[in-house]
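Colleague: sequence first, predicted model second:
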Amino acid sequence: MSAGATDAPVGVKLVSHFATVEQQKRAAVLGMWAWLLTELLLFAGLFLTALILRLLHPEAVQAAARHLKVWIGATNTVVLIGSSLTMSGAIQLSRLGWQRGMVRFMLATAALGTLFLMLKGYEYYADYHEHMMPFLSDRPYALKDSPPSRLFVNLYYVATGLHGLHLMTGITLLLVMTWQASRPGFLAQHQNRIEIFGLYWHFIDLIWIIAFPTLYVLNR
Amino acid sequence: MTSGTITGGPALRDPHTPDSRLGHGADYLHAEHTLRSWFFTTDHKRIALLYLASITAFFVIGAVTAGLVRLALVVPDGQVFTNDTYNKLFTIHGVVMVWFFLIPSIPATFGNFLIPLMIGARDLAFPKLNLASWYVFMTGALFTLASVVLGGVDTGWTFYTPLSTAFSNTWVVPALIGVTIVGFSSILTGLNFVVTIHTMRAPGMTWFRLPIFVWTHYATSLIFLLATPVITVALILLIAERAFHIGVFDPAYGGDPVLFQHLFWFYSHPAVYIMVLPGMGVISEIVPAFAQKKLFGYKFVAYAAIGLASVTFFVWGHHMFVNGQSDFASVAFSVLSFAVAVPSAVKVYNWTATIHKGSLKLDTPMLYAMGYIGLFVLGGLTGLYLATLAINQHVHATYFVVAHFHYIMVGGTVLAFLGGLHFWWPKITGRMYIEAWGRISAFLIFIGFNVTFFPQFILGYLGMPRRYHVYPPEFQFLNILSSAGSTILAVGYLFPMVYLVYSIWFGKRAPANPWDARGLEWTVPSPPPSHNFLTEPVAPKVPYDYPLQAQETGRQHS
């Protein structure tokens, strides 16, 4: 890549309350992992409930799950895994100091994230069309004879909505950071921010990888 | 240069420290005086004081509503307040005391202040995040207070469905939003502590040289990180159901009300240990200092903290013995709940063994600590009664339960909080309070507490249900006794508020180590300098290196 020809110095600036840069980097990585641990527990309750619901009411959940668009879910899985690939590309280039290439990979990551949200939005629209939004009082629910299916559909909206919220936060942070990272000197002072953000991005991806089989695929 | 203001003496003076850092302006309280220097500070010690001021305010709100509840219960016919007002009063009491006082109490104040000092760090790993956690806390508090001002909430602090989603006509959603937001401040505090304890320890400060206070805060932080997100999602689901009819708990929308209880108690049982573990840490510091004796069984006490934090995740079902869960689940939860007694007892035995043949000084912090041990034992043993399936059927949702958890939360956490406040007050403010007043307040609180809550065990056993203010006249005597005790308790709480505040301006100046205690926080001047350590801290080879040890005083040499 020709853009990478301009190598920038790479490093992390020491903040005064740390003794060494190594300590500071270790603290940042551990901090993000600790945050991701709480995020995992945030989603775990929803996924566990959805799984138990499948065990208790298999037919009702299958009937509801059949309305979900597997092809959109599958495409979105590929899109997000692709975005993780571009994000790890950005991390690799940041380590090498290839600033312009890194910025391009970050923009590609944000674009893939946005594509995911657009596809998800289209899926919600299709759900609306099929009367699969039981919380709307003016649109009678398609499976109204089956209360457990309604619980499953509601969990689907909360889980995917919460995931979408995380993705939107991720895209916003990514765009702000891309703007900062495109300025000269960024990599010399804050290279580890790219890596820390990468952990978060991969994690959102991971949550979707759990959500997709739990909601769309299981005993279909 | 007025050398007298640094009480640690000339040995602590670092030649590289600029002169402006010495003398009167050196300590963290006097480094700057502007409002901005308090509200935008990133100094963990100042943030601890911001938390101390705010949780004290919430404690007052919670205590006043408790007083009104006790006032209503003086008469059996429920004539003092309307039913709605009574419901709102005990809800405010519970919500404020649990989420705005007990959970942040010790970690956000003493944990914030002491963990960096105890491990030899200049600050927590993420100082800005620490400040942010206080603002998040206050934002959540504003939402909850708004719900009170707008008209109150009547669901009880547990927000059980379907009352909270379908039947309550009060301001549930703002209260829920407030509690959800406060959860994030807990998570940020816990995250900061975990990272700080892992990465910021001074050279030589190995895990088994850490004070037990740090161990218990590490265990507490793990609960913050692992349990809080589950209540967050449960409350989000409640808000979604109440505000947008995305039903998950209400059977009318296809939901399951018991699901809420599972999610709620998956957090709220571990939350009991968020409240109890930091208190255990405080007691583990006070007892060796006032017995001048090495903490008995250090490693057992440390492992017991981690043990409690682990087992507590598997006992939530003991809150649900009568809601129709399977018998098998109830038996399993009952057995696991009994297992909690093991690490708890390890701690109590180790404190007792530390006191045994120590050279005791019965100063105020020690009085609180000994009160704590007694009340915690009583609260813990009645917890075993409640974990027994047959007895639980009889006393479920009665005053027996109320008495039990007040023995743990007030007898345990509040006494530990006050003990810690008196123990570290000289370090935090640089001033000594008047010892005689401290001892009087400790006695008043111990007596007032027992007169208030012991009758409630009997009331509950006789069958008085919680959350009712109309009750059979034969329960009136015990209720009046309980209300009378609460007035003694109130006087006991007022005393420290007066003499501690008085001491800030008029108290004697405190030396660096007034109790002859061990631990890095006592090696720095009182109050500590802004950057904590003037010279590189040296980790002690052995924690709790007091003159007396069990081996020297025990009859048998093991």
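Modeller: Ah, there it is.
Colleague: and the stretch 101-250 of chain B, which of its residues are near chain A?
Modeller: Proximity of the stretch 101-250 of chain B to chain A, by C-beta under 8 Å from any C-beta of the partner chain, involves residues B:121-123, B:125-127, B:187, B:190-192, B:194-196, B:198-200, B:225-230, B:232-234, B:236-237, B:240, B:244-248. Every C-beta, even on glycine, is put in place using the N, C-alpha and C of the backbone.
Colleague: now list the buried members of these.
Modeller: Buried by 16 or more other C-beta atoms under 10 Å in any protein chain shown: B:121-123, B:125-127, B:187, B:190-192, B:194-196, B:198-200, B:225-230, B:232-234, B:236-237, B:240, B:245-248, out of these.
Colleague: which of those fall in helices?
Modeller: Counting by DSSP state H, the part of those found in helices is B:127, B:187, B:190-192, B:194-196, B:198-199, B:225-230, B:232-234, B:236-237, B:240.
Colleague: quick check, B:P465 in contact with B:V401.
Modeller: No - B:P465 lies out of contact with B:V401 (C-beta atoms under 8 Å); the separation is 9.7 Å.
Colleague: tell me which of these two has more neighbours.
Modeller: Neighbours per residue, other C-beta atoms under 10 Å in any protein chain shown: of B:P465 and B:V401, the larger number sits with B:V401, 21 against 14.
Colleague: the more buried one reaches B:G460, doesn't it?
Modeller: Yes - assessed by C-beta under 8 Å, B:V401 is found in contact with B:G460 at 6.6 Å.
Colleague: quickly list what's touching both of the two.
Modeller: Both B:V401 and B:G460 are in contact with B:V395, B:R466, where contact means C-beta atoms under 8 Å, 6 or more residues apart in numbering or on different chains.
Colleague: in what helix or strand does the residue lying closest to A:L36 once chain neighbours are set aside lie?
Modeller: Leaving aside its sequence neighbours, A:L36 sits nearest to A:F203 (C-beta to C-beta, 6 or more residues apart in numbering or on different chains; 4.8 Å). Using DSSP states H and E, A:F203 sits within helix A:186-212.
Colleague: elements contacting that helix?
Modeller: Judged by 3 or more C-beta pairs under 8 Å, 6 or more residues apart in numbering or on different chains; DSSP states H and E, helix A:186-212 is in contact with helix A:21-56, helix A:70-96, helix A:99-129, helix A:147-181.
Colleague: go through the third one and flag the buried ones.
Modeller: Pointing back at helix A:99-129 there. Neighbour-count burial for helix A:99-129, counted by 16+ other C-beta under 10 Å, picks out A:99-110, A:112-116, A:119-120, A:123-124, A:127.
Colleague: and what of the longest one?
Modeller: With burial defined by 16+ other C-beta under 10 Å, the residues of helix A:21-56 counted as buried are A:23-32, A:34-47, A:49-50, A:53-54.
Colleague: ok and it relative to helix A:147-181, angle-wise?
Modeller: Helix A:21-56 and helix A:147-181 are oriented at 160 degrees to each other (axes from the mean of the first three to the mean of the last three C-alpha atoms, to 10 degrees).
Colleague: chain center to helix A:21-56: distance?
Modeller: Its chain's C-alpha centre and that of helix A:21-56 lie 13 Å apart, by C-alpha atoms, centre = their mean, to the nearest Å.
Colleague: neighbours of the nearest residue in space to B:S344 that is not next to it in sequence, just the number please.
Modeller: Nearest-residue entry for B:S344: B:G380, 5.4 Å, with adjacent residues in sequence omitted and distances by C-beta to C-beta, 6+ apart. Applying other C-beta under 10 Å, we find 20 residues neighbouring B:G380.
Colleague: assign B:G380 to helix, strand or coil.
Modeller: Here B:G380 is helix, with the state taken from DSSP: H, G, I helix; E, B strand; the rest coil.
Colleague: what score does it have for pLDDT?
Modeller: Note on B:G380: pLDDT of 95.
Colleague: the lowest-mean-pLDDT helix or strand in chain A vs chain B: in contact?
Modeller: Ranked by mean pLDDT, DSSP states H and E, the helix or strand of chain A with the weakest confidence is helix A:58-65, at a mean of 89. No - using C-beta under 8 Å from any C-beta, helix A:58-65 stays clear of chain B, with a minimum separation of 9.0 Å.
Colleague: okay, buried residues for that helix please.
Modeller: Result for helix A:58-65 [16+ other C-beta under 10 Å]: buried residues A:A60, A:V61, A:A63, A:A64, A:A65.
Colleague: and the helix or strand that contains B:V348, how far from the chain's centre?
Modeller: Using DSSP H and E, B:V348 maps to helix B:327-355. On the basis of C-alpha atoms, centre = their mean, helix B:327-355 sits 20 Å off its chain's mean C-alpha point.
Colleague: what's the average pLDDT for the helix holding A:F203?
Modeller: On average, helix A:186-212 scores 95.
Colleague: kindly report the same for stretch B:202-218.
Modeller: What stretch B:202-218 shows for mean pLDDT is 95.
Colleague: of all of chain A, which residue lies closest to chain B?
Modeller: As assessed by C-beta to the nearest C-beta, chain B sits closest to A:R150 within chain A, at 3.1 Å.
Colleague: give me the number of residues near that residue?
Modeller: For A:R150, using other C-beta under 10 Å, the count is 25.
Colleague: now do A:R66
Modeller: Using other C-beta under 10 Å, A:R66 has 11 other residues around it.
Colleague: measure it to A:M133 for me?
Modeller: 16 Å (C-beta to C-beta, to the nearest Å).
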